[in-house]
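Chemist: okay, predicted coordinates and the sequence, questions at the end:
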Amino acid sequence: MTRKKLEGIEDYQGAAAGWGALKAVADAVRGQMAPGKETHGLLTMNQPHGFDCPGCAWPDPKHTSSFEFCENGAKAVTWEATAKRTTPEFFASHTVSELWTWQDYDLENEGRLTHPMVYDRATDRYLPISWQDAMSQIGAALRALPDPNMAEFYTSGRASNEAAFLYQLFVREYGTNNFPDCSNMCHEATSVGLPESIGVGKGTVTLEDFDHSDCIFCIGHNPGTNHPRMLTTLREASKRGVPIIAINPLRERGLERFTSPQSPVEMLTLDSTPIASSYYLVKVGGDIAVLKGMMKTLLALDASSLAEGGPGLLDREFIAAHTTGIEALLADIEATSWDAIEAASGLSRSDIESIGNVYAKANRVIINYGMGITQHRHGTGNVQQIANLLMLRGNIGREGAGISPLRGHSNVQGDRTVGITEIPNDALLDGIARVFGFEPPRAKGHNAVEAVEAIRDGRSKALICLGGNLAVAMSDPQATFEAMRAPRSCRPYRDKTQSLAPAAGQAIVHPAMSGTHRNRHASDRPASRHR
């Protein structure tokens, strides 16, 4: 089969980061930022008295260096602080139908908006509008809805905690819990699966735990693209001789080898540090099978140890004190055959037993996972089986061990923490009623999928997006675009106010061409628009 040559894509044989990353940062800074601003911005990022990187969610070390940023983070700052401006004159020169054919990269590269813009159907263009008129029209459109639940309010981690808190307060006073947000697509499996397993929907490790771990697993995530500063942490673990096991359908260069830009020796010698000590290419969707195979291996080793008069390999004290349901788990593992595990995982029994042996020998294990684990049909089961595997050896709640859900961009969890959720708990709602003096709605609202379905079916008539682009963030943007362009989604209210959305049958173009609103959900490369 002949491989199609893609423009701008070439084979790359080098390590992740290194001189290539520095050149990419320099090019991004040179192409976007005003002279004199770039150095100050980059040197204050991820510093104690600076600001958090808008690129990813990797935490800051206690003792920072002068350069606590990666290629992606530097690019994110250049997008935020770009000197480029998109003026009304730009929109006067381009129709929406024309802009629909542009790539996301080209739209973003026009720079930040200088004025609020409103879509004019007669000319198929965005026209400038005052902030007062824009807010008045939005308010009129929302007041015209017969039911607050006919509006959807999307936000993402691109919004600050303060803005997100005010946003959810406004929406709940308006009368709905319709909060589709990026967490529905990133780590909903974590938010649902982990509380059922360990009582909280967050990771159990700190950055310092990586200094004490003696085995690290990386499953279904790509640190080189989605959280590059993690490579420094993995590099330090690799230098200590810690086994790092990568399980992913594709080989990612960042998990193979890494040249640290902060290492003069590696930079001057063009050397690199190997990251993964073993790399296993699991079949897509085969993660549960691998995890059950590891547990099956662990149970066999435990039985052998006991038969020889040893202590066994399960942490029975931890299991007795902190877990329930061990009998059902063991029965399920026993009933799962190796033939079924091999067929589902795409790995051989010997490979899975090798992975299981590494896990069994380690005393302090961290399992990192990303959206390769969460963003598919078996996401919740994947998360819960990772938790099961860790609990069998007591690798929860102690130094150097635990579960580590990795998020693709910063502040996803922050949104949820300040109230952006379609399933609010009573403590949050009671607090809002007590402090702000109004009774918030109690019924469950729409998540991201439910919001798009409601728009498609004509049950939702309005969509407000803060800090993100719902249509592009959804896993099926083509279906989402079609739902938003359907006549029933906006026709009933056309005569009441000038719509801020394109007419039915015309293209929807994301008007905010600035880093503040750009979707970086999956990677730092904008995707092509689908029609």
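Modeler: Good, I have the coordinates. Numbering: from 1, shown residues only.
Chemist: and the helices in the stretch 251-400 of the chain?
Modeler: Counting by DSSP state H, counting those that start in this stretch, the stretch 251-400 of the chain has these helices, from start to end: 253-256, 264-269, 287-307, 316-322, 326-335, 338-345, 349-361, 371-374, 379-392.
Chemist: also the stretch 401-531 of the chain?
Modeler: Using DSSP H, counting those that start in this stretch, helices in the stretch 401-531 of the chain cover 412-417, 426-436, 448-456, 470-473, 477-485.
Chemist: please identify the most buried of those helices.
Modeler: Comparing the helices of the stretch 401-531 of the chain by mean neighbour count (mean count of other Cβ atoms under 10 Å), helix 470-473 ranks first with a mean of 23. To be clear about C-beta, it is placed using only N, CA and C from the backbone, and glycine gets the same treatment.
Chemist: what packs against that helix?
Modeler: helix 448-456, helix 477-485 (3 or more Cβ pairs under 8 Å, 6 or more residues apart in numbering; DSSP states H and E).
Chemist: quick one, the last one and helix 448-456 angle?
Modeler: With axes from the mean of the first three to the mean of the last three Cα atoms, to 10 degrees as the basis, helix 477-485 and helix 448-456 are set at 40 degrees to each other.
Chemist: which helices and strands does helix 477-485 pack with?
Modeler: Helix 477-485 sits against helix 448-456, helix 470-473, with contacts defined as 3+ Cβ pairs under 8 Å, 6+ apart.
Chemist: could you list the low-pLDDT ranges of the stretch 401-531 of the chain?
Modeler: Scanning the stretch 401-531 of the chain for pLDDT under 70 picks out the ranges 408-411, 487-531.
Chemist: do that again at 80, thanks
Modeler: Applying pLDDT under 80 to the stretch 401-531 of the chain flags residues 407-414, 487-531.
Chemist: residue 359 reaches residue 365, doesn't it?
Modeler: Yes. Applying Cβ atoms under 8 Å as the test, residue 359 and residue 365 come out as touching, 6.2 Å apart.
Chemist: what's the closest non-adjacent residue to residue 17?
Modeler: Nearest non-adjacent residue to residue 17, counting by Cβ to Cβ, 6 or more residues apart in numbering: residue 259, 5.3 Å away.
Chemist: if I look at that neighbour, how far off is residue 243?
Modeler: Residue 259 is 21 Å from residue 243, where distance means Cβ to Cβ, to the nearest Å.
Chemist: the more surrounded of these two?
Modeler: More crowded of residue 259 and residue 243, by other Cβ atoms under 10 Å: residue 259, with 22 against 19.
Chemist: got a list of what that one touches?
Modeler: 14-19, 266-267, 270-273 (Cβ atoms under 8 Å, 6 or more residues apart in numbering).
Chemist: in the stretch 51-200 of the chain, which spans are helices?
Modeler: Assigned by DSSP H, counting those that start in this stretch, the stretch 51-200 of the chain shows helices spanning 71-80, 88-93, 96-99, 104-108, 131-144, 161-174, 183-186, 188-198.
Chemist: now tabulate those in JSON lines and tack on distance to residue 314 and mean neighbour count.
Modeler: Shown next, in JSON lines, are the helices of the stretch 51-200 of the chain (distance: least, Cβ to Cβ, whole Å; neighbours: other Cβ atoms under 10 Å):
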{"stretch": "helix 71-80", "distance to residue 314": "40", "mean neighbour count": "24"}
{"stretch": "helix 88-93", "distance to residue 314": "64", "mean neighbour count": "15"}
{"stretch": "helix 96-99", "distance to residue 314": "60", "mean neighbour count": "17"}
{"stretch": "helix 104-108", "distance to residue 314": "50", "mean neighbour count": "17"}
{"stretch": "helix 131-144", "distance to residue 314": "57", "mean neighbour count": "14"}
{"stretch": "helix 161-174", "distance to residue 314": "41", "mean neighbour count": "18"}
{"stretch": "helix 183-186", "distance to residue 314": "33", "mean neighbour count": "24"}
{"stretch": "helix 188-198", "distance to residue 314": "17", "mean neighbour count": "20"}
